[in-house]
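[1] sequence plus predicted model, see below.
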Amino acid sequence: LAGMDLRDNNDPAHKADVMSHFGSFGRTLLTLFMMITGGIDWWDASQKLSYFQGISAGEYDREARHLMQIEQRKKWIQDVADLFSYVDIDIGGGISRDEFMTRLEDPRIQTCFQNLGIDMAVYTLDELFDMFDFDSSGEINTLEFSMAMKSLHGEARSIDIYKVRRDMRWIMRQIGDINSQLARLSK
């Protein structure tokens, strides 16, 4: 950007100002370091480049927050994938109840769940497994794992809502079974 700025702006005072902050790789690194550590204000340094002079601080902040959210989301997705791989002891592509129980007794995994926004202290391991095992097959596949992590991620009330939804599905299946039995008895 400094090169484009110098090419587009012929004012000698402006060129000297840009060169003092961005004239070489070393000066650019020093300027960036000073911006990060508070030695100079990032706004003042960026305004040395006429490219940025039409952009408001609010636009900078909004863009920076957006990029940070994207990076945090990418990290969260990678953390979830890594966690699934670790919990899947036999590398079979699914997590059995035994694998789940074994791995989730590990304090490091509990901390990982905590960092991903799931409060392990609220539920037993059996309850957590049942919430993850959406289809009640006895094994958690990658889709179930990622859906549960997404649904359970965040405040405790999110996990509570997810549990209620799962329990409602179980109740609906039970009602369906009862209706089927009643239909057979009425024949």
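    Perfect, I can see it now.
[2] quick one: the strands in this protein?
    For the chain, the strands defined by DSSP state E occupy 94-96, 139-141.
[3] may I see these arranged in CSV, with mean pLDDT and distance to Ile161 as well?
    Heads up, the C-betas are built off the backbone N, CA and C, glycines and all. Rendered in CSV, the data for the strands of the chain read as follows (pLDDT from 0 to 100; distance: least, CB to CB, whole Å):
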stretch, mean pLDDT, distance to Ile161
strand 94-96, 93, 23
strand 139-141, 92, 19
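[4] tabulate these (JSON lines), appending mean neighbour count and distance to Ser85.
    What follows is the strands of the chain, written out as JSON lines (neighbours: other CB atoms under 10 Å; distance: least, CB to CB, whole Å):
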{"stretch": "strand 94-96", "mean neighbour count": "20", "distance to Ser85": "10"}
{"stretch": "strand 139-141", "mean neighbour count": "21", "distance to Ser85": "13"}
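[5] out of the ones you listed, nearest to His66?
    In terms of CB to CB, the element of the strands of the chain nearest to His66 is strand 139-141, at 32.4 Å.
[6] where does the chain have low pLDDT?
    Counting by pLDDT under 70, the chain shows low-confidence ranges at 1-11, 14, 18, 46-61, 153-160.
[7] how does it look with 90?
    Scanning the chain for pLDDT under 90 picks out 1-87, 89-93, 103-128, 131-132, 134-136, 142-173, 177, 179, 183-187.
[8] name the residues that touch stretch 24-40?
    Stretch 24-40 is contacted by residues 2, 19-22, 41-42, 45 when judged by CB atoms under 8 Å, 6 or more residues apart in numbering.
[9] Arg62 versus Met101, what's the distance?
    Distance from Met101 to Arg62, counting by CB to CB, to the nearest Å: 45 Å.
[10] how far out from the middle of the chain is stretch 136-144?
    Averaged C-alpha coordinates place stretch 136-144 at 21 Å from its chain's average position (CA atoms, centre = their mean, to the nearest Å).
[11] quote the end-to-end distance of that stretch.
    Here the two ends of stretch 136-144 are set 10 Å apart, with distance taken as CA to CA, to the nearest Å.
[12] how about stretch 93-102?
    Taking CA to CA, the first and last residues of stretch 93-102 lie 16 Å apart.
[13] mind listing what the nearest residue to Gln114 once chain neighbours are set aside touches?
    Excluding its sequence neighbours, the residue lying closest to Gln114 (CB to CB, 6 or more residues apart in numbering) is Met120, at 6.3 Å. Taking CB under 8 Å, 6+ apart as the definition of contact, the neighbours of Met120 are 104, 110, 113-114, 128.
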